[in-house]
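Chemist: Okay, here's the prediction I keep looking at, along with the sequence it came from:
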Amino acid sequence: MAEVKKRGLDMTSELIPIKRSRQVAEIMVILILSVIVYRLAARYDILETILLLTRKYEAWELDEIITVMLFLFFILALHSFAQWHRLQRSENSLLKINKNLEKTLHEINQLRGILPICAACKKIRDDKGFWYQVDIYIRDHSKVEFSHSICPECERKLYPGLFKK
């Protein structure tokens, strides 16, 4: 995982502070807008003005229009919350997928690089200085399992009497 982080591919640790700062910014915007609405309502006495308008223009049925507007506002708030909740679930799902992709990338990169190999016996030296046969080293450092067989060239060398040239 260290190599994945070195390459800048560990996105989950970078997203968490961004997500928190975005949430703080959203809360700050809501608080600022609430203060502005409060100041406007206090200054212009909006509800009293609406009440006077509904009495003055009874034929316009402003009270029903206001009721519908309040209902629409409530429905819009519920819809916005549902959308936000879906977005949060999608974001969490993407973070899980990203973690799985990082893990897979780490597993793929596990056998990349330069391996010291003996020119005579073909054993591989690990980081700690121990020497392993190629099949054992690859088996231990990947998800590969080996099945042994003999190539035609080695068949001729090892069993010369069985094969005619």
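Modeler: Nice, thanks for sending it over. Numbering: from 1, shown residues only.

Chemist: What about Arg89, how many residues nearby?
Modeler: If you count neighbours by other CB atoms under 10 Å, Arg89 ends up with 10. Backbone N, C-alpha and C define where each C-beta goes, glycine included.

Chemist: Which secondary structure element is home to it?
Modeler: helix 62-109 (DSSP states H and E).

Chemist: packing partners for that helix?
Modeler: Contacting helix 62-109 under the criterion 3 or more CB pairs under 8 Å, 6 or more residues apart in numbering; DSSP states H and E are the following elements: helix 2-6, helix 11-44, helix 46-56.

Chemist: do you know which of the ones you listed lies nearest Glu153?
Modeler: Relative to Glu153, the nearest member of the helices and strands packed on helix 62-109 by CB to CB is helix 2-6, separated by 37.3 Å.

Chemist: low-scoring stretches of this protein, by residue?
Modeler: Across the chain, the ranges flagged by pLDDT under 70 are 1-16, 18-19, 109-112, 163-165.

Chemist: Residue ranges of each domain in it, please.
Modeler: For the chain, automatic domain parsing gives the domain ranges 2-109, 114-165.

Chemist: Can you tell me how far Ala41 is from Glu64?
Modeler: Distance, Ala41 to Glu64, by CB to CB, to the nearest Å: 22 Å.

Chemist: higher neighbour count, these two?
Modeler: Remark: of Ala41 and Glu64, Ala41 carries more neighbours, 13 against 10, as counted by other CB under 10 Å.

Chemist: ok now stretch 96-104, how far from the chain's centre?
Modeler: The chain centroid and the centroid of stretch 96-104 are separated by 8 Å under CA atoms, centre = their mean, to the nearest Å.

Chemist: That stretch: which residues count as buried?
Modeler: Residues of stretch 96-104 classed as buried by neighbour count (16 or more other CB atoms under 10 Å): Glu102.

Chemist: Just the CA coordinates for it, please, in PDB.
Modeler: Coordinates of each C-alpha in stretch 96-104 appear next as PDB, following Å, rounded to 0.1, in the frame of the first residue of the first chain:
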ATOM      1  CA  LYS A  96     -15.400   1.500  -1.100                       C
ATOM      2  CA  ILE A  97     -14.800   0.800  -4.800                       C
ATOM      3  CA  ASN A  98     -11.800   3.100  -4.700                       C
ATOM      4  CA  LYS A  99     -10.300   1.200  -1.800                       C
ATOM      5  CA  ASN A 100     -10.800  -2.100  -3.600                       C
ATOM      6  CA  LEU A 101      -9.200  -0.700  -6.700                       C
ATOM      7  CA  GLU A 102      -6.200   0.500  -4.700                       C
ATOM      8  CA  LYS A 103      -5.900  -2.900  -3.100                       C
ATOM      9  CA  THR A 104      -6.000  -4.600  -6.500                       C
END
